[in-house]
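Novice: I need the structure of the sequence given here:
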Amino acid sequence: MEPEADEVQQIIRIDSELNKIRDYDILLERVLLEARRVVHADAGSIYVKEGDVISIKFAHNDTKQKSLPPGEKQAYPHFSIPVNDKSISGYVAMTGELLNIPDVYNLPPGLPFSYATAYDAKVNYKTTSMLTVPLKSQNNVVLGVIQIINAMGPDGKVEAFTKQDETLVTHFAANATVALQRAYMTRSMIIRMIRMAELRDPKETGAHVNRVAGYTIEIYERWAYTHGVGKNDLDKNKDLLKLAAMLHDVGKVAISDLILKKPAKFTPEEYAIMQTHTCSGARLFDDPQSDFDTIAAEVSLTHHENWDGTGYPGWVDPTTGAVLRADAEGRALKRKGEEIPIWGRIVAIADVYDALMSRRVYKEAWGEDAVLKEIRAMAGTKFDPELVDAFFDVLPRIHDIRERHPDSE
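Specialist: All right, here's what the predicted structure looks like:
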């Protein structure tokens, strides 16, 4: 059965929107969301193939989400599944074949795989119909798996997925894979820039920047919800901000190793030099070709500004060093309050939280109780008080991100 004309138009629209998304993780979650929508599925997961396993990246469940307070996000476990014929998703990843199962609790005899019912019992949710589709590259390599759960009929009851659903999701998955490969290339370029910075500054690890970026998006989403930011602006800003937050300290490549790798407290002169990394980072984006360049420059320049006006570098032109707003002595005035762009204010909290929670050559990691007490104490001085509240609102998701991106030993 061929898709209806309006369904084809919907897929064309989705394809166009996906092609605009730059960040790999945000694109993965959007792919899952749109795949569920196109076949009216209540739940689902998306996995990415990593060697001989597939790892869950995102999971949605509308039924469970409805039980949460407004603005809260559903948590989900992180696990990997072997690419073999013992599980449904593992089988699809291994064979590259679609599976459409009307009832996972009543599988036909003779199949090599089974359905693990323990997870349903753990989360108090009944999985019935399941459509599992491989994400394949243009040369037929399986990159991941989309698993769509419980097709919802017009009467609100669970139905089996249809042949038309298979056609829709297969077409969608094929087009989404092209976008995913492009987003992966963007992510790879960003990671290379970070690795370059890591060669200079051992603190700038992939795990650190992924955590800071993840925290940033969670805080921003909570802030955006309370401020009534529309979905289109929210999605666009998340995409740009995620990448910009990953590059918040890229300007440190301009700092001497004698200062950057010093395992002790800086002298006042050394600290002044270290502060210049904000302008150096902003200069990397000083010929803006897109909204990303603008946000990345603002993040680099302002993530060390303080809410009370005691941060740095203040009102300066990062390209020329010229003072834009001066005090009576001609020194650059400090930015304060909402003079600091929202992006810089958010990354400031995310960066400090991760730095305090992490071991450094010059300090041990703090205990989380002490870190949270410090974050709360700095509301109104170092940090925007509203964003501190948003940080605490999403703390379970912050913990989740730390678990997903641990430091390598």
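
Novice: Run through the residues that contact residue 182.
Specialist: Contacts for residue 182 (Cβ atoms under 8 Å, 6 or more residues apart in numbering) come out as residue 19. Every residue, glycine included, has its C-beta placed from N, CA and C.

Novice: Next, give phi and psi for it.
Specialist: Note on residue 182: backbone dihedrals following degrees, to the nearest 10 are phi -70, psi -40.

Novice: which residues sit in contact with the residue nearest the centre of the chain?
Specialist: With distances taken as Cα atoms, centre = their mean, residue 214 lies nearest the centre of the chain, 4.7 Å away. The contact partners of residue 214, by Cβ under 8 Å, 6+ apart, come to 401, 404, 405.

Novice: Give me the subset of those that lies in helices.
Specialist: Of the contacts of residue 214, the ones assigned to helices by DSSP state H are 401, 404.

Novice: Show me how the chain divides into domains.
Specialist: Domains of the chain are assigned by automatic domain parsing as 5-183, 201-404.

Novice: quick one, which of those domains is nearest to residue 192?
Specialist: domain 201-404 (10.5 Å; Cβ to Cβ).

Novice: would you turn the contacts of residue 214 into TSV with neighbour count, distance to residue 309 and pLDDT?
Specialist: Below are those laid out as TSV (neighbours: other Cβ atoms under 10 Å; distance: Cβ to Cβ, whole Å; pLDDT from 0 to 100):
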residue	neighbour count	distance to residue 309	pLDDT
401	20	30	92
404	14	35	86
405	17	33	87
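
Novice: of all the contacts of residue 214, which comes closest to residue 57?
Specialist: residue 404 (9.3 Å).

Novice: In this structure that closest one contacts residue 77, no?
Specialist: No. Counting by Cβ atoms under 8 Å, residue 77 is not a contact partner of residue 404; they are 10.8 Å apart.

Novice: For the closest residue to residue 209 other than its chain neighbours, give its distance to residue 194.
Specialist: Closest residue to residue 209 apart from its sequence neighbours, by Cβ to Cβ, 6 or more residues apart in numbering: residue 246 at 4.5 Å. Distance of residue 246 to residue 194, computed by Cβ to Cβ, to the nearest Å: 6 Å.

Novice: Overlap of the contact sets of the two?
Specialist: With Cβ under 8 Å, 6+ apart as the test, residue 246 and residue 194 both reach residue 209.

Novice: So between the two, which is more surrounded?
Specialist: Neighbour tally, residue 246 and residue 194, criterion other Cβ atoms under 10 Å: the higher count belongs to residue 246, 26 against 20.

Novice: Quick check: pLDDT value at residue 292.
Specialist: Note on residue 292: pLDDT of 88.

Novice: That one reaches residue 22, doesn't it?
Specialist: Yes. Counting by Cβ under 8 Å, residue 292 does reach residue 22; the two are 6.9 Å apart.

Novice: Can you pull the residues that touch both of those two?
Specialist: 240, 243.

Novice: Any stretches of the stretch 51-200 of the chain with poor pLDDT?
Specialist: Scanning the stretch 51-200 of the chain for pLDDT under 70 picks out 200.

Novice: now the helices for it?
Specialist: 62-65, 88-95, 118-123, 163-200 (DSSP state H, counting those that start in this stretch).

Novice: what does the stretch 301-409 of the chain give?
Specialist: For the stretch 301-409 of the chain, the helices defined by DSSP H, counting those that start in this stretch occupy 342-357, 368-377, 385-393, 395-404.

Novice: Highest mean neighbour count out of the helices of the stretch 51-200 of the chain?
Specialist: Across those, the average number of neighbours (mean count of other Cβ atoms under 10 Å) peaks for helix 88-95, which reaches a mean of 22.

Novice: Quick one: residues in contact with stretch 307-325.
Specialist: For stretch 307-325, using Cβ under 8 Å, 6+ apart, the contacting residues are 275-276, 278-280, 282-283, 286, 297, 301, 304-305, 326, 330-337, 340, 345, 380-385.

Novice: which parts of it are buried?
Specialist: Residues 307, 311, 312, 313, 314, 315, 316, 318 are the ones in stretch 307-325 that count as buried (16 or more other Cβ atoms under 10 Å).

Novice: Equivalent analysis for stretch 223-237, please.
Specialist: Neighbour counts over stretch 223-237 (16+ other Cβ under 10 Å) mark 223, 224, 225, 237 as buried.

Novice: and which of those residues is nearest residue 252?
Specialist: For these, the nearest to residue 252 is residue 237 (25.2 Å; Cβ to Cβ).

Novice: now the closest one: how far from residue 347?
Specialist: On the measure of Cβ to Cβ, residue 237 and residue 347 end up 13 Å apart.

Novice: Repeat that for residue 72.
Specialist: Taking Cβ to Cβ, one finds residue 72 at 23 Å from residue 347.

Novice: And those two? Which one has more around it.
Specialist: Applying other Cβ under 10 Å to residue 72 and residue 347 shows that residue 347 carries more neighbours, namely 29 against 15.

Novice: pretty sure the more buried one is in contact with residue 212, am I right?
Specialist: Yes. Between residue 347 and residue 212 there is a contact under Cβ under 8 Å: 6.8 Å.

Novice: mind putting the domains of the chain in JSON lines, distance to residue 189 included?
Specialist: Listed next are these as JSON lines, based on distance: least, Cβ to Cβ, whole Å:
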{"stretch": "domain 5-183", "distance to residue 189": "10"}
{"stretch": "domain 201-404", "distance to residue 189": "10"}
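
Novice: Alright, that wraps it up for me.
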